[in-house]
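# Here is a sequence together with a model predicted from it:
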Amino acid sequence: MDCREFKNKHVPYVDDVLPAIDMEAMRRHLTRCPKCSRQDTAVRRSLMLVRSLPTIEPSADFMNRLSVRLAEIGPPSYAELSSAKPFLPSVRSFVVLAAGIGAIAVFSIEASRYFNTTGPREAMPVASATIDSTPTSATNAAIVASVPTGIPVWPAVLMVGEAPLRFANMEFHEATR
């Protein structure tokens, strides 16, 4: 048994409600561990001190005196309840609240300016060059070879992405010949 387990089971050990095997393990741990033994001694001494205190018993006429006193005081009246000091926030809390509201207003105005979608927008060009719609046999072969055979998609995407550069180089070499 380690110290953590001993501390977790100490209350049931002191109350003598642990199974016999755990009680014996706790006793063995106490003989081997001086730190846990000191804790056990301190807890048991504290319990003995509390148990040896005399019990406090009210006097025989305590309930009668309490009832008379409560009847004298009576329930609080509406005037007493309404005369209580109302809650008034301080000037400091008012200033902090106003500053917070102002900050939220500034942030919302700036955000509305940033995300303003009113007004005409220029159409952004998707592509600046015209693309020949007739695919070459190498492009078709790369795409067709990658899809049905189970090759991962990334190599196919990279091949398709690099295909226009290779074909542009081939056209350049054919034009210079």
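Cool, got the structure.
# What ranges does the protein have for its strands?
Counting by DSSP state E, one finds no strands in the chain.
# Low-confidence regions, it specifically.
Scanning the chain for pLDDT under 70 picks out the ranges 78-88, 114-177.
# if you set the cut-off to 90 instead, what comes out?
Residue ranges of the chain with pLDDT under 90: 1, 15-16, 46-60, 70-97, 103-177.
# just the helices in it please.
Under the criterion DSSP state H, helices of the chain are mapped to 3-8, 10-14, 20-32, 34-51, 62-73, 78-82, 91-114, 137-146, 153-176.
# tally of neighbours for Tyr13?
20 (other C-beta atoms under 10 Å). To be clear about C-beta, it is placed using only N, CA and C from the backbone, and glycine gets the same treatment.
# residues touching the residue lying closest to it once chain neighbours are set aside, list them.
Excluding the flanking residues, the one nearest Tyr13 by C-beta to C-beta, 6 or more residues apart in numbering is Met26, at 4.7 Å. Met26 is in contact with Met1, Phe6, Lys9, His10, Tyr13, Leu18, counting by C-beta atoms under 8 Å, 6 or more residues apart in numbering.
# Got a quick ChimeraX command for the buried subset of these?
Only the buried entries of the contacts of Met26 go into this ChimeraX selection, using 16 or more other C-beta atoms under 10 Å:
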select :6,9,10,13,18
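# could the contacts of Met26 go into TSV alongside distance to Gly74?
What follows is the contacts of Met26, written out as TSV (distance: C-beta to C-beta, whole Å):
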residue	distance to Gly74
Met1	61
Phe6	56
Lys9	53
His10	50
Tyr13	52
Leu18	54
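# ok, the contacts of Met26 vs Ser93, which is closest?
His10 (48.2 Å; C-beta to C-beta).
# correct me, but the closest one touches Val43?
Yes: with contact defined as C-beta atoms under 8 Å, His10 reaches Val43; the gap is 7.1 Å.
# where's the nearest residue to Ala25 once chain neighbours are set aside relative to Cys33, distance?
Among residues not flanking Ala25 along the chain, Met1 sits closest, at 4.9 Å (C-beta to C-beta, 6+ apart). Met1 sits 9 Å away from Cys33, going by C-beta to C-beta, to the nearest Å.
# Could you do Tyr13 as well?
Distance from Tyr13 to Cys33, by C-beta to C-beta: 13 Å.
# Likewise for Arg44?
16 Å.
# neighbour-wise, which of these two wins?
Cys33 (16 against 11).
# residues in contact with the residue lying closest to that one once chain neighbours are set aside?
Nearest residue to Cys33, sequence neighbours excluded (C-beta to C-beta, 6+ apart): Cys3, at 6.3 Å. Neighbour list for Cys3: His29, Cys33, Lys35, Cys36 [criterion: C-beta under 8 Å, 6+ apart].
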